[in-house]
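A.B. asks: Only the shape, not the letters, is given here:
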């Protein structure tokens, strides 16, 4: 930003729901921190144990945790304690900052206190799925007690969510057109679309389709992701399937899996690159995905994607070109879609080219900087410690 011909560096803060797992939202957060490397992070809490090796990605950052961390057993209770999440973040007074960027979906990071909403930009991965009728990671409604109290809490939080969105946010940045539609529907607000970046380095040479012999599932092992459909389809067809991810459904999935299904748990980026590079196809039976960075990663390695025809994949997958879309979330439909892979017209190189505009990290940085209109800090010279 310039004033009277002179450039000054602005004081920037980043906000994120919580750091307890490593997924697409956290990759976006990392890239935001690359843009503003001196910016401290404000978050509800950090769970270094659950992050495992991925904690090293954030360990040098200056991080401030909320008063949630003063509650006993908060790492286990953070989900039911979400009724207090707006307060966790409103206690962060960021009025001294020139620019605040919140990264959020479910835990009210956008509720931080600011003195001028015009300097508060929210990168929205989706309005909270649990509040607005979308499938979530667990089937909590099956428990009558949880269903009763959860429904009451959700009603209250929907009112709060809309109020915060309308009164505390200057600009919404949506991670997809699907999320943009949700912001317009639930908040009655406009937003600007900036697709998230793909942070994996690309291979120098793509593996030919003829030398790829296994299928791949990469995602959390949670209800909304429907890993059971991928496992059942591979078992029935006796197809080799490598399952990457962790979650509460693991034991159940192992019980239903046939001999051709292999569970790899969490894998690092180097191993993930190898898996993408040699996979015949990615199975992605996710319901109402917000955007879906995993399909972009797969296609960046020339790997076609079989995805449910809902949400973000409708923006990135062209049926029978770089992937196959199926309409009904059941095993039969997924099996039929897998059988259509032989009808794809695109080569691995063409598949990679089809998602180039989505995968480019520098594109993401330029678009974010254009929207916020501010100049980032110089890079820090010393590491930072976790602060509470």
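C.D. replies: Thanks, I have the structure now. These numbers were taken from a predicted model, which means no experiment stands behind them. Numbering: from 1, shown residues only.

A.B. asks: C-alpha from now on. contacts and neighbour counts both.
C.D. replies: Will do.

A.B. asks: which element follows the lengthiest helix in the chain toward the C-terminus?
C.D. replies: Looking across the chain with DSSP state H, the single longest helix is helix 144-168. The element immediately downstream of helix 144-168 (helix or strand, assigned by DSSP states H and E) is strand 171-174.

A.B. asks: Now do the longest helix of the chain: which elements does it pack against?
C.D. replies: For helix 144-168, the packing partners by 3 or more C-alpha pairs under 8 Å, 6 or more residues apart in numbering; DSSP states H and E come out as helix 177-187.

A.B. asks: how about the helix it packs on: buried residues?
C.D. replies: For helix 177-187, a neighbour-count test (16 or more other C-alpha atoms under 10 Å) marks 177, 178, 179, 180, 181, 182, 183, 187 as buried.

A.B. asks: now swap in stretch 78-87 and tell me
C.D. replies: For stretch 78-87, burial by neighbour count (16+ other C-alpha under 10 Å) applies to 78, 82, 83, 85, 86, 87.

A.B. asks: and the fifth one, what pLDDT?
C.D. replies: Spelled out, that is residue 86. pLDDT recorded at residue 86 is 96.

A.B. asks: Residue ranges in the stretch 1-150 of the chain under the pLDDT threshold?
C.D. replies: For the stretch 1-150 of the chain, the stretches with pLDDT under 70 are 1-9, 136-150.

A.B. asks: May I have the distance across stretch 200-208, first residue to last?
C.D. replies: Start-to-end span of stretch 200-208 (C-alpha to C-alpha, to the nearest Å) is 20 Å.

A.B. asks: any idea of the mean pLDDT for that stretch?
C.D. replies: Taken as a whole, stretch 200-208 carries a mean pLDDT of 92.

A.B. asks: Equivalent analysis for stretch 324-336, please.
C.D. replies: Stretch 324-336 shows a mean pLDDT of 97.

A.B. asks: Please compute how far it lies from its chain's middle.
C.D. replies: Between the centre of stretch 324-336 and the centre of its chain there are 23 Å (C-alpha atoms, centre = their mean, to the nearest Å).

A.B. asks: Stretch 258-271 now?
C.D. replies: 20 Å.

A.B. asks: And the contacts of it?
C.D. replies: Stretch 258-271 is contacted by residues 200, 231, 234-235, 238-246 when judged by C-alpha atoms under 8 Å, 6 or more residues apart in numbering.

A.B. asks: got CSV for those, with distance to residue 162 too?
C.D. replies: Listed next are those as CSV, based on distance: C-alpha to C-alpha, whole Å:
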residue, distance to residue 162
200, 35
231, 38
234, 42
235, 44
238, 48
239, 46
240, 46
241, 42
242, 41
243, 37
244, 36
245, 33
246, 32
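
A.B. asks: partners of the helix or strand containing residue 100 in the sheet?
C.D. replies: In this assignment (DSSP H and E), residue 100 forms part of strand 99-104. Looking at strand 99-104 with DSSP bridges, its partner strands are strand 12-16 (parallel), strand 120-124 (parallel).

A.B. asks: Show me the contact partners of it.
C.D. replies: Applying C-alpha under 8 Å, 6+ apart, the external contacts of strand 99-104 come out as 10-17, 25, 29, 94, 109-110, 119-126, 374.

A.B. asks: Relative to the whole chain's centre, how far out is that strand?
C.D. replies: The chain centre lies 15 Å from the centre of strand 99-104; the measure is C-alpha atoms, centre = their mean.
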